[in-house]
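Chemist: Prediction below, plus the sequence it came from.
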Amino acid sequence: MNSLDFSIVLQAWPYLWSGLLFSLALTAVAFVVGMVLGTCFALLQHFEVPVIAKIVRGYIALVRSIPLILVLFWFFFLVPIVLGHLSGSGRPVPIGATWTAFITFGLFEAAYYSEIIRVGLRAVNRGQFEACQALALSTFETYRSVIMPQVLRVASPIILSQTIILFQDTSLVYVLSLTDLLGAASKLAQLNGRLVEMYLVIVVVYLAISSAASQGVALLRKRYAIAGARR
Amino acid sequence: MFAVLFEPTADGQRYIDWLLSGLGWTLALAFFGWWIAFAVGIVVGIGRTVQNRAFAALARLYVEVFRNIPVLVQMFLWYFVLPEILPTTLGNAIKQIPPPWGSFFPALICLGLYTAARIAEQVRAGIEALPKGQTEAASALGLSPYLTYRHIIVPQALRLIVPSLTSEVMGIYKNTSVALTIGLMELTAQARQISEATFQTFTAFGAATLIYLALALIAYQGMALIDRAVRIPGTARTDDDIAPNLAEDIQQAGALPAGMEIAK
């Protein structure tokens, strides 16, 4: 066993830090895109919009049944072609691995968030809808001011747990040779040969961030339960 | 569209043989990984509920560590880091394991232990969902703590959590694809290799996607059969007609399926 030399980590830190920032940026973008799209998907299914609801349901079932790595490969291949068609030139538009990662994670996570919100929607008491009708609220107002706030509140711990999983899953952009936290560590490890130190350091970083976030979620679960509502 | 799969490859096989061999590795990894995960998961899950402080703390530590490190990073730990930190002779012996097995075993251990942490949390939820009277009745009958767990608690808890285990089954077969990063030629890796060899990307990924879909369906139906066979009579179904195989993931954060709520 070679002696460990963690001073190398100090030199490597700026590069690892930029990798971590990329991981966090990917998590944040995928969270926002995923939540917005996921909410739309859930509402489309909730209102049983003809045809579109079926398509959305099929998309979600498909995306959730295949591995994220395969989804990444699919998008890496498909997105340039689709963009080519949309731009009218008919020729694939190369967009690069970074954009592929952002688009894929956004669309992929939308499927997961949408399921959480869909179940949340079904958990809302029927009386809430009836009360809104009695108050003559429009459908839009009903959902904006009454239903969705409750859904998001009930579902927030699960949404955040899913986001922690999302943060961990961003490491899979390794297969697109991107420089996220893991990518930065593995590139440095190949350069300087200190792979044990590199990987152990990022283990600590991932572990610290994810555990701290899970503790936060546990606290939130206690505080944000709607008073009197039984899950 | 899939005709290209039956064309011969450079090494004298057909492309579909590549896919099938990839499927074989995927299934082997998922199947054997599952039994490791199930065995370790039950032990750790029990550990989360026992009075013994040391055992409970260890079990908690296990879950925290294995759940909060990305599975790909864990894969690298087993594959790259473990041989380096073991004594040199042993480490070198591990590095000498010939190609498919040299990737297969680290992937197997990685997926097994990673999934075990998730199963442990389900087992714990199942045990905690049981009415206290079960333990009390067992001790009134003079059963030791070991016998109580062995004959009363664990069998009931396992029957309760079958629906939530479905999502873990789906999880482990999807996570097998992570093994491609350490060079195992499983299904996704073979699909990529076919796409690179033939430029028929749509066909190659399409075929792999269909296989994964079929596996998901089989896993879901299989678990539904098991659930029907072992469900404790009188507990409600946690069936979700609209998207049956999807609802379970949502419960992973700790909420209990409806069946458990009723058992409480």
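Modeler: Noted; the coordinates are in hand.
Chemist: Could you pull out the helices in chain A for me?
Modeler: Assigned by DSSP state H, chain A shows helices spanning A:7-46, A:52-65, A:68-87, A:96-123, A:126-134, A:139-141, A:148-169, A:181-192, A:195-224.
Chemist: and what of the stretch 51-200 of chain B?
Modeler: With DSSP state H, counting those that start in this stretch as the criterion, the stretch 51-200 of chain B has helices at B:53-68, B:71-76, B:82-85, B:88-95, B:99-129, B:132-140, B:145-147, B:154-160, B:162-175, B:187-198.
Chemist: least reliable of those going by mean pLDDT?
Modeler: Among the helices of the stretch 51-200 of chain B, helix B:88-95 has the lowest mean pLDDT, at a mean of 86.
Chemist: Now render the helices of chain A as JSON lines, adding distance to B:L184.
Modeler: (Each C-beta comes from the backbone N, C-alpha and C, glycine too.) Shown next, in JSON lines, are the helices of chain A (distance: least, Cβ to Cβ, whole Å):
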{"stretch": "helix A:7-46", "distance to B:L184": "25"}
{"stretch": "helix A:52-65", "distance to B:L184": "21"}
{"stretch": "helix A:68-87", "distance to B:L184": "12"}
{"stretch": "helix A:96-123", "distance to B:L184": "22"}
{"stretch": "helix A:126-134", "distance to B:L184": "50"}
{"stretch": "helix A:139-141", "distance to B:L184": "51"}
{"stretch": "helix A:148-169", "distance to B:L184": "19"}
{"stretch": "helix A:181-192", "distance to B:L184": "17"}
{"stretch": "helix A:195-224", "distance to B:L184": "19"}
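Chemist: can you redo these as a markdown table with mean pLDDT, mean neighbour count and distance to B:P155?
Modeler: Converted to a markdown table, these look like this (pLDDT from 0 to 100; neighbours: other Cβ atoms under 10 Å in any protein chain shown; distance: least, Cβ to Cβ, whole Å):
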| stretch | mean pLDDT | mean neighbour count | distance to B:P155 |
| --- | --- | --- | --- |
| helix A:7-46 | 93 | 18 | 38 |
| helix A:52-65 | 93 | 17 | 31 |
| helix A:68-87 | 88 | 18 | 35 |
| helix A:96-123 | 92 | 21 | 29 |
| helix A:126-134 | 91 | 12 | 38 |
| helix A:139-141 | 91 | 11 | 49 |
| helix A:148-169 | 91 | 20 | 29 |
| helix A:181-192 | 91 | 20 | 41 |
| helix A:195-224 | 90 | 16 | 29 |
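Chemist: Who are the contact partners of A:S186?
Modeler: Contact analysis of A:S186 by Cβ atoms under 8 Å, 6 or more residues apart in numbering or on different chains lists A:174, A:195, A:198-199, B:76.
Chemist: Reformat the residues you listed as CSV; add distance to B:A197.
Modeler: As requested, the contacts of A:S186 are exported to CSV (distance: Cβ to Cβ, whole Å):
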residue, distance to B:A197
A:Y174, 23
A:L195, 31
A:M198, 33
A:Y199, 32
B:F76, 27
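Chemist: now, which of those sits nearest A:A12?
Modeler: A:M198 (6.9 Å; Cβ to Cβ).
Chemist: follow-up on the earlier one: name the nearest of the contacts of A:S186 relative to A:V36.
Modeler: Using Cβ to Cβ, the contacts of A:S186 come closest to A:V36 at A:Y174, 26.7 Å.
Chemist: Wait, the closest one touches B:V73, no?
Modeler: No - the pair A:Y174 / B:V73 is not scored as a contact, 9.4 Å apart, by Cβ atoms under 8 Å.
Chemist: shared neighbours, these two?
Modeler: Here A:Y174 and B:V73 have A:L182 as joint contacts, going by Cβ under 8 Å, 6+ apart.
Chemist: list the contacts for A:A53?
Modeler: Contacts of A:A53 (Cβ under 8 Å, 6+ apart): A:44-45, A:47.
Chemist: Go back to those and keep what's next to chain B.
Modeler: With respect to chain B, and counting by Cβ under 8 Å from any Cβ of the partner chain, the subset of the contacts of A:A53 in contact is A:Q45.
Chemist: Tabulate the contacts of A:A53 (JSON lines), appending distance to A:L160.
Modeler: Below are these laid out as JSON lines (distance: Cβ to Cβ, whole Å):
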{"residue": "A:L44", "distance to A:L160": "24"}
{"residue": "A:Q45", "distance to A:L160": "22"}
{"residue": "A:F47", "distance to A:L160": "26"}
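Chemist: Residue 91: how many residues sit nearby?
Modeler: Because you didn't say which chain, this covers chain A. 12 (other Cβ atoms under 10 Å in any protein chain shown).
Chemist: Wait, chain B was what I had in mind.
Modeler: Neighbourhood size, B:G91 [other Cβ under 10 Å]: 15.
Chemist: ok, now B:P98?
Modeler: Around B:P98 there are 6 residues (other Cβ under 10 Å).
Chemist: Next one: it from chain A, what distance?
Modeler: 22 Å (Cβ to the nearest Cβ, to the nearest Å).
Chemist: Ok, B:L82 next?
Modeler: 10 Å.
Chemist: quick one: which of the helices of chain A is nearest B:H151?
Modeler: Nearest to B:H151, of all those, is helix A:195-224, at 32.5 Å by Cβ to Cβ.
Chemist: Wondering if the closest one reaches chain B at all.
Modeler: Yes - using Cβ under 8 Å from any Cβ, helix A:195-224 reaches chain B at A:195-196, A:199-200, A:202-203, A:206-207, A:210-211, A:214, A:217, A:221.
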